[in-house]
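Trainee: Below: sequence and its predicted model.
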Amino acid sequence: GDSVTQMEGPVTLSEEAFLTINCTYTATGYPSLFWYVQYPGEGLQLLLKATKADDKGSNKGFEATYRKETTSFHLEKGSVQVSDSAVYFCALSDSAGGFKTIFGAGTRLFVKA
Amino acid sequence: NAGVTQTPKFQVLKTGQSMTLQCAQDMNHEYMSWYRQDPGMGLRLIHYSVGAGITDQGEVPNGYNVSRSTTEDFPLRLLSAAPSQTSVYFCASSPQGAAGYTFGSGTRLTVV
């Protein structure tokens, strides 16, 4: 079945550092890929998405590129802020799986001032 | 717009009790899903629906029932609560499969 694997956290960075959170996937068809963010005590919010190979999703300084050849969708940000501290989830939605959306385990990010 | 509304926000049940978690959305979204979130396990799909009258099982459906009689509402029923169902439950909706979900704020359920 479909699955999403994320790098384990927590990830701890200093403010203005470069962020990468790795995400790889397994899917039967041609999935759409997503990154969600969850702040403490809240539900998840869609951060960015990409629907086909080589698409780049971007939002609030975060970027991720859909790499079909490596089945990856790594999240990057050039300069993190304390306010970026949250849990980040990679997810996929596959038409071959009836568009069920499957999530990775999440990666917690701490940013120190 | 209210978005996705979940009630209640907190609930404590005794083992063996039943209850319904409510979920309503006002965005006319066809797709709706229920997830549970447990520490270190991310979100696991319980049940989902691609439209009124259509539901299907996700990864962890045992012990839960759903129905979708209207586009707006997607209640989740716990048939006989067990301590293993202690979790945070999220409802989410989407206009279509590749659009991404809008999440509710969650229901924290404790089964004692």
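Mentor: Okay, I see it.
Trainee: Look up the closest residue to B:Gln17, ignoring the ones flanking it.
Mentor: B:Ala81 (5.1 Å; C-beta to C-beta, 6 or more residues apart in numbering or on different chains). No exception for glycine: its C-beta is placed from N, CA and C like everyone else's.
Trainee: what bridges to A:Thr20?
Mentor: Beta-bridge partners recorded for A:Thr20 (DSSP bridges): A:Glu76.
Trainee: Next, count neighbours for it.
Mentor: 11 (other C-beta atoms under 10 Å in any protein chain shown).
Trainee: Tell me who's in contact with it.
Mentor: A:Thr20 sits next to A:74-76 when contact means C-beta atoms under 8 Å, 6 or more residues apart in numbering or on different chains.
Trainee: can you tell me how far the residue nearest to B:Gln17 sits from B:Arg44?
Mentor: 17 Å (C-beta to C-beta, to the nearest Å).
Trainee: More neighbours: which of the two?
Mentor: A count of neighbours by other C-beta under 10 Å puts B:Ala81 above the other of B:Ala81 and B:Arg44, at 22 against 17.
Trainee: and that one, which of the three is it?
Mentor: coil (DSSP: H, G, I helix; E, B strand; the rest coil).
Trainee: Can you give me the pLDDT of it?
Mentor: At B:Ala81, the pLDDT value in this model is 97.
Trainee: contacting residues for it?
Mentor: Here B:Ala81 is in contact with B:13-19, B:111 (C-beta under 8 Å, 6+ apart).
Trainee: With respect to chain B, which of the contacts of A:Thr20 is nearest?
Mentor: Nearest to chain B out of the contacts of A:Thr20 is A:Leu75 (C-beta to the nearest C-beta; 14.7 Å).
Trainee: My guess is the closest one contacts A:Phe62. True?
Mentor: Yes. Counting by C-beta atoms under 8 Å, A:Leu75 does reach A:Phe62; the two are 6.1 Å apart.
Trainee: Between those two, which contacts overlap?
Mentor: The contact sets of A:Leu75 and A:Phe62 overlap at A:35, A:47 (C-beta under 8 Å, 6+ apart).
Trainee: higher neighbour count, those two?
Mentor: A:Leu75 (25 against 20).
Trainee: Distance check, the nearest residue to that one once chain neighbours are set aside against chain B.
Mentor: Among residues not flanking A:Leu75 along the chain, A:Ile21 sits closest, at 4.4 Å (C-beta to C-beta, 6+ apart). Using C-beta to the nearest C-beta, to the nearest Å, A:Ile21 is found at 13 Å from chain B.
Trainee: To what extent is A:Ile21 buried, counted in neighbours?
Mentor: The burial count for A:Ile21: 23, using other C-beta under 10 Å.
Trainee: wait, isn't it in contact with A:Ser72?
Mentor: No. Between A:Ile21 and A:Ser72 there is no contact under C-beta under 8 Å: 11.2 Å.
Trainee: Please read off the pLDDT at the residue nearest to A:Leu75 from the model.
Mentor: 98.
Trainee: Over to the one 10 residues further on?
Mentor: Per-residue confidence for A:Pro31 comes out at a pLDDT of 93.
Trainee: give me the element the residue in chain B positioned nearest to chain A is part of.
Mentor: Nearest residue of chain B to chain A, counting by C-beta to the nearest C-beta: B:Gly97, 2.8 Å away. Following DSSP states H and E, one finds B:Gly97 outside all helices and strands.
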